[in-house]
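> Sharing a model prediction with you, sequence too.
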Amino acid sequence: MSSCESSNAADFKESINQSERRAFEIILGKKGSGEKKLNCLAKDDFKGALTAVDQQSKEFDILIGDIKKLSTQGIPKGEPLKTASLEYYQSLKELHVFDRKEIEQEALLRTLKNNELKNTQNNLIVLATQKKMLYNAVYEKEALLHTATQNFEAANGF
């Protein structure tokens, strides 16, 4: 029975580790949606960049859905690690999908003059402040995920 539980814990840990690799591919992977978004922005292709943001959102939804499906039954400290993982990847999704607002403002900037331009630039400053809060949320969730991972590994003898 003990070796079965260890096997379940090891499989669970591997699934969590795969989630981290998948998130990396979504955000920074070569030919991933994050790279597509940056390439489109470099070409001032705002429509393409927004499409890439939508793709990132869908990819994060799949990743989060897969984590939700993981069973933690009989795995010591498995549920806190699962919860921390879900919260972390949700906050990463929110951060990267927030780019939609910035891209829309940037596209709008290209069409404005004088006072409208100044107002839109002020909106970008507000968005930057909001994005900083999203980064802070990701940092907090990452710290919780790190602690949950350490507790899980200690409880399961990793």
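Right, received. Where do you want to start? Numbers count the residues shown, from 1 in each chain.

> Now residue 72: which helix or strand?
Here residue 72 sits in a region with no helix or strand, counting by DSSP states H and E.

> residue contacts, it?
When contacts are counted by CB atoms under 8 Å, 6 or more residues apart in numbering, residue 72 touches 12, 78, 79, 81, 82. In this view, the C-beta of every residue, glycine as well, is placed from N, C-alpha and C.

> Those residues, buried ones only, as a ChimeraX selection?
One line in ChimeraX is enough to select the buried members of those, burial here meaning 16 or more other CB atoms under 10 Å:
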select :12,78,81,82
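
> ok, so of the contacts of residue 72, who is nearest residue 139?
The nearest member of the contacts of residue 72 to residue 139, counting by CB to CB, is residue 81 at 18.3 Å.

> List the contacts of the helix or strand harbouring the closest one.
Here residue 81 is covered by helix 78-97, with elements defined by DSSP H and E. Defining contact as CB under 8 Å, 6+ apart, one finds that helix 78-97 is touched by 9, 12, 16, 19, 23, 26-27, 34, 53, 56-57, 60-61, 63-64, 67-68, 70, 72, 131, 134-135, 137-138, 140-142, 144-145, 147-149, 151-152.
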